[in-house]
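Take this sequence and fold it.
(chains A and B)
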Amino acid sequence: MRKARDIRRTLGAIGALTAAMLTGPVLVAGEGADETEVRGGVAVFEVGTNIRAIRVHGKSNALQGRALVRLGPDGLAIDELRASVPVQTLDTGMSLRDGHMRKYIFTTADGRLPDLDFSATNAVCTGSADRADCRLTGQLTIRGNAQPFTITVVATRQSSGFRVVGDSVVRLSSYGIEPPSQLGVRTEDEVKLHVDVVARSVRRDALLTGVPR
Amino acid sequence: MKTARALVLATVAALAHAHVATALPTMVRLGYGDCAACHVSPQGGGPLTVYGRGIDRSQSLRGGDYTPSDDGLTKALSVGGRITQDFRLLLRRQATWAPGGTRTDVFRPRLMYRNVAEIAGGFRASATLTAETTHAPRPARAYDPPTQADTLSVNTALLHYKVNETIEIAAGKDQLPSGINIPDLAVFIKSRNRLGYYDAPTQLKMFWNSKRYHVTPFAFAPGGNERAGEAETGTGALAEVDVLGAGRTIAGVSVLKGVSESGSRRVLGSYVRLGFGRWGVLAEHDMATHDRDTLSGARLPQSTTYAQVFVAMREWLVASAIAERARVTAPFEEKLTAGAFELSARLASQATLGVNARVQRDGRTGRTSPSLVVQAAFKTIP
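I've put the predicted structure just below:
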């Protein structure tokens, strides 16, 4: 009788642990950081022009990245963040315009087309472990030119990880990029950025896929 | 007799469903929320701006960059870029099967000359002349007879004054501003609301286009080709908002009141233009009330609805599924519904091919009349 109760307790503990691992990153205050990754995140940009009726919108569904997320004494903290967007995946809906964008904004002097890359060493967030406002300050690299960049994001815990949504602005002039002009329409210097990603625990994915960490 | 009547009705329907690809509200899918992005006229239709010509070419199978012509003749004709002009040729063949299976074929060629001349100090003049051999009047209704067609007609003759980047005023002859502004003038929301090919009232209108709000008040008077007693005077307005601010979610309302010797009409409409990248939705619902003094003071409520879902399978190839509905109460009761599939292929800036297969059903008689249209449109590029 007692043996049967022990078996039930053991099975219950295994079930609870498995459920916790499957439903999200295991973050315990004071413990080590959890490595999370983003695949297929959404990055959107919008830029105005000198013509009121014309604004250019673009999108990539291929934002990817990794970061260490931990629950510190002051709430959520993000370390060693690195994210990138392949330039070829940026799409404005018009192939000719996409070609111009790559040519005039993202192509280096020697003809390469490097990814957009963002890296930040750490970010401290305010809020709780379930919802935190974070200010990520680091370096954004466009066509191989790294410049200081800050983005404010909101991280919300979900069953599958953290949903991270944020906005920022990039000034083309900061990168020495002349705003493109075509047939009398010139884009503005300020480009609005919006990101919307879900960061999942690598440990959880490893468990699901059977791939060792 | 019945067969002859069916043939006449089929012919009218065939002629009615002939449209001119002049404005492309489907471009809302790419964030072009209003016509002023590409057309010289903020109302849309007519010649394209230089940028609009670039977009026109990029959205064609040929593709590539548009470069304004720099040959001597073109420069001389454009008076150093002050005059933008082109010719458009539309060749349209339509087959309609009347109830009973009798087929009617109609070939309708049209040649248009369009001109915009920059004057000075924000003033410009625009005109569109059309020559045709086969007319396409609106369906004749006892409470709403069509305007008179002619072999040579002036569709547009406007003097514009651009006050600043957001406000423009125009005066002259033109089609009245309308909701989703599709080029097919034969759909119920157009043909049943005096927005047909030959409806070009004299008007004064203002376009106020801010970043998110577009307001177009207008006043109108007879254009000169109305039938006796139908010369109409009135006012109206469109007001629309870019709901999410990215030029892809436009919602608007329209109002109009017109008075003629024969009576008056009031129209209240609502519409949306929605774009989601490769696809989008255009929808409009208009409620009109015709008060006819000539028909013993009859009050005739009429409603027309249009819905189009379109998909850009390629940038140059757009497919659409269209549904329409028209309702008129007794004594001129009508219950019409229609569905259509349309394919438009822009082969080059100069050439567009279109196919439209449509079925219309009369809810009172239960009869259906299918039609098939093939259209080729050609234009010169400045």
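
who's in contact with the helix or strand encompassing residue A:147?
Residue A:147 belongs to strand A:145-158 when assigned by DSSP states H and E. Contact with strand A:145-158 is made by A:24, A:76, A:78, A:117-118, A:125, A:129-141, A:162-168, A:170, A:174-176, A:193, A:195, A:198-199, as judged by Cβ atoms under 8 Å, 6 or more residues apart in numbering or on different chains. For the C-beta atoms, the positions are set from N, CA and C on the backbone; glycine is no exception.

One more: stretch B:289-296?
Stretch B:289-296 is touched from outside by B:142-144, B:229, B:261-266, B:297-302, with contacts defined as Cβ under 8 Å, 6+ apart.

cool, stretch A:177-189 as well?
The contact list for stretch A:177-189, computed with Cβ under 8 Å, 6+ apart, reads A:47-51, A:54, A:56, A:100-101, A:104-105, A:142-143, A:171-173, B:49-51, B:53-54, B:66.

Please pick the buried ones from these.
Neighbour-count burial (16 or more other Cβ atoms under 10 Å in any protein chain shown) applied to the contacts of stretch A:177-189 gives A:47-49, A:51, A:54, A:56, A:100-101, A:104-105, A:142-143, A:172, B:49-51, B:53-54, B:66.

Residue A:66 is in contact with residue A:41, correct?
No - Residue A:41 lies out of contact with residue A:66 (Cβ atoms under 8 Å); the separation is 11.6 Å.

more neighbours, the two?
Legend: neighbour count by other Cβ atoms under 10 Å in any protein chain shown for residue A:41 and residue A:66, higher for residue A:41 (20 against 16).

Please enumerate the helices of the chain.
No chain specified, so I'll use chain A. A:2-23, A:95-101, A:202-209 (DSSP state H).

um, chain B though
With DSSP H, the ranges of helices along chain B come out as B:2-16, B:50-58, B:72-77, B:188-191.

least reliable of the ones you listed going by mean pLDDT?
Here the lowest mean pLDDT among the helices of chain B goes to helix B:2-16, at a mean of 47.

in stretch A:114-125, what counts as buried?
Buried-residue list, stretch A:114-125, by 16+ other Cβ under 10 Å: A:114, A:115, A:116, A:117, A:118, A:119, A:120, A:123, A:125.

which one of these is nearest chain B?
residue A:116 (20.6 Å; Cβ to the nearest Cβ).

Can you tell me the closest non-neighbouring residue to the closest one?
Using Cβ to Cβ, 6 or more residues apart in numbering or on different chains and skipping residues adjacent in sequence, the residue nearest residue A:116 is residue A:85, 4.4 Å away.

Next: residue B:377.
Spatially, and ignoring its direct neighbours in sequence, residue B:377 is nearest to residue B:352 (4.6 Å; Cβ to Cβ, 6+ apart).

Over to residue B:68?
The shortest distance from residue B:68 to any non-neighbouring residue, by Cβ to Cβ, 6+ apart, is to residue B:50 (6.2 Å).

before we move on, what about residue B:182?
Residue B:182 sits nearest to residue B:25 (Cβ to Cβ, 6+ apart), 5.9 Å away.

Can you name the residues of chain A sitting close to chain B?
Residues of chain A lying close to chain B (Cβ under 8 Å from any Cβ of the partner chain) are A:46, A:51-57, A:59, A:92-97, A:182-185.

ok so, going back, overlap in contacts of residue A:41 and residue A:66?
Counting by Cβ under 8 Å, 6+ apart, the contacts common to residue A:41 and residue A:66 are residue A:83.

now the residue nearest to residue B:162 when sequence neighbours are not counted: how far from residue B:285?
For residue B:162, ignoring the flanking residues on the chain, the nearest one in space by Cβ to Cβ, 6+ apart is residue B:122 at 4.3 Å. Distance, residue B:122 to residue B:285, using Cβ to Cβ, to the nearest Å: 36 Å.

Settle it for me: which of those two has more neighbours?
Ranked by neighbour count (other Cβ under 10 Å), residue B:122 and residue B:285 place residue B:285 first, with 17 against 13.

The more buried one is in contact with residue B:323, isn't it?
No - using Cβ under 8 Å as the test, residue B:285 is too far from residue B:323 to be in contact (11.8 Å).

can you list residues touching both of those two?
B:305, B:306.

which bits of the stretch 101-250 of chain B sit near chain A?
B:165, B:166, B:209, B:210, B:211, B:246, B:247, B:248.

Let me see the contact set for the closest residue to the fourth one other than its chain neighbours.
Once flanking residues are discounted, residue B:210 sits nearest to residue B:166: 5.5 Å by Cβ to Cβ, 6+ apart. In this structure, residue B:166 makes contact with A:52, B:208, B:209, B:210, judged by Cβ under 8 Å, 6+ apart.

Distance of residue B:80 relative to residue B:159?
Distance from residue B:80 to residue B:159, counting by Cβ to Cβ: 21 Å.

So what sits opposite the nearest residue to residue B:41 once chain neighbours are set aside in the bridge?
What sits nearest to residue B:41 in space, not counting adjacent residues and going by Cβ to Cβ, 6+ apart, is residue B:126, at 6.3 Å. Going by DSSP bridges, residue B:126 is paired in beta bridges with residue B:116, residue B:158.
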